[in-house]
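# what follows is a predicted protein model with its sequence.
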Amino acid sequence: MDIPRYWRLKNQRYRLQGKKCLDCGNLSFPPRLVCPKCKSRNCEKHYFKGLGTVYSHTTIYQAPDRFDHIAPYSVGLIDLEEGVRITAQFTDVLPADIEIGMKVEMVVRQIYEDGPKGPILYGYKFRPIIAA
Ligand SMILES: [Zn+2]
């Protein structure tokens with residue numbers, strides 16, 4: 001990913017910014033120009049809380065080049081509290097400890113380092129909420 005694209009996506013990556021349709025109330029992530037439900041363009045920014053439940057998960061052993069150094073790692077589908085399903089990487093948890101139905105929260109983590117002199121890019125990942 002190049003730098004301009006990174007900065008353009010910064011809010012989306014750090015704060016889980018999506019869109020809310022003002023006509024039908026549908027929430028979407030990633031944000032879309034047009035409401036996927038009613039095709040309205042009458043949408044505003046919506047920030048998700050970053051809390052959700054694991055819907056499904058899988059562990060990647062053969063990673064694409066830039067993720068090679070962190071393989072194996074786990075990714076999954078997460079149902080946000082707001083009712084939107086997103087794809088994300090897990091962090092702070094062993095692959096074997098991830099369970100369907102587990103409560104998770106968003107944290108900002110390093111995604112990859114873009115070469116030895118390149119910037120370190122950060123984005124959202126999800127980790128289990130440890131019950132108090
Ligand atoms: Zn709509």
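Yep, that arrived. Numbering: from 1, shown residues only.
# so what's the closest residue to residue 61 other than its chain neighbours up against?
Distance criterion C-beta to C-beta, 6 or more residues apart in numbering; nearest residue to residue 61, sequence neighbours excluded, is residue 72 at 4.7 Å. No exception for glycine: its C-beta is placed from N, CA and C like everyone else's. By C-beta atoms under 8 Å, 6 or more residues apart in numbering, the contact list for residue 72 reads 59, 60, 61, 63, 95.
# max pairwise distance over those residues: which two?
Using C-beta to C-beta, the two most remote members of those are 63 and 95, lying 13.1 Å apart.
# now the common contact residues for these two.
72, 73.
# spell out which residues of the chain are next to the ion.
For the chain, the residues in contact with the ion (C-beta under 5 Å from the ion) are 21, 23, 24, 26, 35, 37, 38, 40.
# pull the number of nearby residues for the fifth one.
This means residue 35. By other C-beta atoms under 10 Å, the residues close to residue 35 number 21.
# what residues are bridge-paired with the closest residue in space to it that isn't next to it in sequence?
Excluding the flanking residues, the one nearest residue 35 by C-beta to C-beta, 6+ apart is residue 21, at 3.8 Å. Beta-bridge partners recorded for residue 21 (DSSP bridges): residue 43.
# return the residues in contact with residue 21.
Applying C-beta under 8 Å, 6+ apart, the residues contacting residue 21 are 27, 28, 35, 37, 38, 40, 42, 43.
# using pLDDT, spot the least trustworthy of those.
Lowest pLDDT among these: residue 28, with 91.
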